[in-house]
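S.K.: Got a predicted structure here, sequence first:
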Amino acid sequence: MADMTSPRTSMPERDPRLRRRTFEEVSLGYTEEMAVAEANRCLQCKHAPCTAGCPVNVRIPEFIAKIAARDFEGAYQAITQTHGAPAITGRVCPQETQCEAKCVRGIKSEPVAIGRLERFAADWHMAQKPAFALPKLPANYTHVAVVGSGPAGLTCAHDLAQLGYAVTLFESFHTVGGVLVYGIPEFRLPKTIIRRAEADLRSLGVQIKTNTVVGRVVTLDELMEEGYRAIFLSTGAGLPKFMNISGEGLAGVYSANEYLTRVNLMHAWNPDYETPLIKSRSVAVVGGGNVAMDAARCAMRMGADEVHLIYRRSEAEMPARAEEVHHAKEEGIQFHFLSNPVAVTNNGSGHASGLTCVKMELGEADSSGRRTARTLEDSEFTLKVDTVIMALGTSPNPLIRMADPNLNVDRKGCIIVDEQTLHTSREGVYAGGDAVTGAATVILAMGAGKLAAQSIARALETQSD
Ligand code: FAD
Ligand code: SF4
Ligand code: SF4
């Protein structure tokens, strides 16, 4: 009989005092012995509630049983029956609200560390098996365009190429990966993993066209005229929101998207690059999600003396993953809960010199169950900072919809699709990921990429019958 109270196997991590100044990965991964020990905590439940908690229904008991039997490659193969990027999801999925939230081991003690085991199987596979040509069906010479190379686009391009389609992937940046490269920092998701996914795509024959902004350089009509029989739009939600408070236009105020892009994609941390950031002494990050945690932890690694995180509700309401909040605290980020910015102050030369905030208190829950936040009178205080990073959320990039009036969008700018097929209001055009849902998660974007590939293949097969 299994000991139902045994705690989960802890994950080795880099020392916070050392890691707060480097971009090296924080979590170091399980050894084989740790993975087997953790896999043995799984009860192999017949109804597998964990699988129902996963948005793509990974066969969790099956892959964990293989790890317990030391069949690590078998575990990897079992996971990749449902999705192809466990090295990514094992690191960044919000497991605590998905698969692990449903694990019965969580009732009496801690849930099985499903994400860590998923990461282990993927890393083991990558270490043992260098990139090699992936199996694919014979070429059918039917051209499909995928626009945007985040997790949705990468997954759709991969699946269609495996089915024999001639896929071209268009990306506006100079490199593929979407948020996986420009948003999520190296210390959470090493870029070698994305380069491996890119190599897999190339081995499947996918043409990759970077530095190509669809809607500007080439329109959807032109793509159709060029012979693309279907188009998948996976352009993400990269348009930042601001607070519209005074001083937001001052130098030293960034959106988290810009700041993270400059650090992660434009190598601002590397003094040898020509795109540096002005060194900050004291930084305020506004927001309470994963993006805010990433921005704050990057600012610390960029050499700031102090990093403050400002959030209008209390810690319990923070949308960020608990693990990220824990890591941020360990690294010395100073949290200011129940605080809301009202102005950025000017140093007299057009540069930010402080962030004035008011204190908040929580009121009754609204119709969504979320407690409203109210300003406390005479509670103003100013933090002396030279850099302010706004991490308040994003909405879908407007470029595609502006360039194509036939594409129906909702009032938030999200592309409207048929939920079963992901088909848009334009014939032959499909969409998925954050461009449809608004800012969401990596695994949901991957699930959308998979569904779109299936729908596109089905539609094109029917047309050619
Ligand atoms: P994206 O990843 O946004 O990719 C869209 C791509 O399309 C981009 O590369 C963009 O350059 C390109 N593009 C846009 N317009 C055009 C155009 N007109 N022509 C050509 N290319 C175009 N989710 C998690 O599950 N866990 C996390 O820990 C997590 N952390 C996050 C941290 C940050 C900083 C951010 C910003 C997001 C995070 N998310 C996380 C959310 C997650 O990354 C997104 O939900 C996911 O990346 C969406 O995937 P996507 O493929 O729809 O779009
Ligand atoms: Fe859990 Fe994400 Fe893996 Fe699904 S894909 S089993 S939610 S870690
Ligand atoms: Fe194993 Fe937990 Fe899933 Fe049961 S619910 S099969 S214990 S991972």
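M.R.: Here it is on my side, so go on. Ligands and ions are numbered 1, 2, ... in the order given.

S.K.: and Phe232, that one's in a strand?
M.R.: Yes - counting by DSSP: H, G, I helix; E, B strand; the rest coil, Phe232 is part of a strand.

S.K.: what's the neighbour count on the residue nearest to Leu399 when sequence neighbours are not counted?
M.R.: In space, Leu399 comes closest to Gly215 once its chain neighbours are excluded; the distance is 4.6 Å by Cβ to Cβ, 6 or more residues apart in numbering. All C-beta atoms are positioned from the backbone trio N, CA, C, and that covers glycine. Counted with other Cβ atoms under 10 Å, residues neighbouring Gly215 total 19.

S.K.: and Arg370, what pLDDT?
M.R.: Note for Arg370: predicted pLDDT of 77.

S.K.: got the phi/psi numbers for the nearest residue to it once chain neighbours are set aside?
M.R.: Of all residues beyond its chain neighbours, the one nearest Arg370 is Glu317 (7.1 Å), with distances taken as Cβ to Cβ, 6+ apart. Dihedral angles phi and psi of Glu317 (degrees, to the nearest 10) take the values phi -90, psi -10.

S.K.: Contacts only, for Glu317.
M.R.: Gly288, Leu362, Arg370, Arg371 (Cβ atoms under 8 Å, 6 or more residues apart in numbering).

S.K.: and which of those is nearest to ligand 2?
M.R.: Gly288 (21.9 Å; Cβ to the nearest ligand atom).

S.K.: Do I have it right that the closest one meets Met318?
M.R.: Yes - using Cβ atoms under 8 Å, Gly288 is in contact with Met318, at 4.2 Å.

S.K.: Pull up the overlap in contacts between the two.
M.R.: Tyr311.

S.K.: And the two? Which one has more around it.
M.R.: Taking neighbours as other Cβ under 10 Å, Gly288 and Met318 compare with Gly288 leading, 24 against 21.

S.K.: for the helix or strand that contains Ala435, packing partners?
M.R.: Ala435 belongs to helix 434-437 when assigned by DSSP states H and E. Under the contact definition 3 or more Cβ pairs under 8 Å, 6 or more residues apart in numbering; DSSP states H and E, helix 434-437 sits against helix 442-464.

S.K.: Tell me the buried residues in the helix or strand encompassing Met126?
M.R.: Using DSSP H and E, Met126 falls within helix 114-128. Residues 114-126 are the ones in helix 114-128 that count as buried (16 or more other Cβ atoms under 10 Å).

S.K.: Rank the residues you listed by pLDDT and give me only the lowest.
M.R.: Pick the lowest pLDDT in the buried residues of helix 114-128 and you get Met126, at 89.

S.K.: Give me the distance between that residue and ligand 1.
M.R.: Separation of Met126 from ligand 1 (Cβ to the nearest ligand atom, to the nearest Å): 20 Å.

S.K.: Dump the C-alpha coordinates for the lowest-mean-pLDDT helix or strand in the chain into PDB.
M.R.: Using mean pLDDT, DSSP states H and E, the weakest-scoring helix or strand in the chain turns out to be helix 399-403, at a mean of 83. Extracted in PDB, the C-alpha atoms of helix 399-403 (Å, rounded to 0.1, in the frame of the first residue of the first chain):
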ATOM      1  CA  LEU A 399      -2.300  44.400 -38.000                       C
ATOM      2  CA  ILE A 400      -3.900  41.400 -39.600                       C
ATOM      3  CA  ARG A 401      -7.500  42.500 -39.000                       C
ATOM      4  CA  MET A 402      -6.700  46.000 -40.200                       C
ATOM      5  CA  ALA A 403      -5.200  44.600 -43.400                       C
END
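
S.K.: And the contacts of stretch 95-109?
M.R.: 4-8, 41-43, 45, 49-55, 58, 60, 93, 111-115, 321-323, 443.

S.K.: again, only using 6 Å
M.R.: The set of residues external to stretch 95-109 that reach it, using Cβ atoms under 6 Å, 6 or more residues apart in numbering, is Met4, Thr5, Cys45, Pro49, Cys50, Gly53, Cys54, Pro111, Val112, Ile114, Gly115.

S.K.: Which member of those residues is positioned nearest Ser425?
M.R.: Cys54 (30.8 Å; Cβ to Cβ).

S.K.: Tally up the residues packed near the closest one, please.
M.R.: 24.

S.K.: got it, and Pro405?
M.R.: Counted with other Cβ under 10 Å, Pro405 comes out at 7.

S.K.: And it, how far from ligand 2?
M.R.: 37 Å.

S.K.: Repeat that for Asp221.
M.R.: 37 Å.

S.K.: Burial check on that residue, number of neighbours?
M.R.: Counted with other Cβ under 10 Å, Asp221 comes out at 12.

S.K.: That one is in what secondary structure piece?
M.R.: Using DSSP H and E, Asp221 falls in helix 220-225.

S.K.: follow-up on the earlier one: output the helix holding Ala435 as CSV, restricted to C-alpha atoms.
M.R.: Provided in CSV are the C-alpha atoms of helix 434-437 (Å, rounded to 0.1, in the frame of the first residue of the first chain):
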residue,chain,number,x,y,z
ASP,A,434,-3.8,34.0,-28.4
ALA,A,435,-5.0,35.8,-31.6
VAL,A,436,-8.4,34.1,-31.0
THR,A,437,-8.5,33.7,-27.2
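
S.K.: Give the rounded mean pLDDT of that helix.
M.R.: Rounded mean pLDDT across helix 434-437 is 96.

S.K.: Return the distance of that helix from the chain's centre.
M.R.: 13 Å (Cα atoms, centre = their mean, to the nearest Å).

S.K.: what residues does it touch?
M.R.: Counting by Cβ under 6 Å, 6+ apart, Leu233, Thr235, Gly236, Ala237, Pro396, Cys414, Ile415, Val417, Ala440 sit against helix 434-437.

S.K.: quick one, domains of the chain?
M.R.: Domain assignment for the chain by automatic domain parsing gives 16-128, 143-238+396-464, 242-392.

S.K.: Relative to Leu137, which of the ones you listed is closest?
M.R.: domain 143-238+396-464 (4.0 Å).

S.K.: Enumerate the residues of the stretch 1-150 of the chain near ligand 3.
M.R.: 42-45, 48-50, 60-61, 103-105, 112, 114 (Cβ under 6 Å from any ligand atom).

S.K.: swap the cut-off to 8 Å and go again
M.R.: 41-45, 48-51, 60-61, 64, 99-100, 102-106, 111-112, 114 (Cβ under 8 Å from any ligand atom).

S.K.: Weed out the non-buried ones from those.
M.R.: Judged by 16+ other Cβ under 10 Å, buried ones among these: 41-42, 48, 50-51, 60-61, 64, 99-100, 102-106, 111-112, 114.
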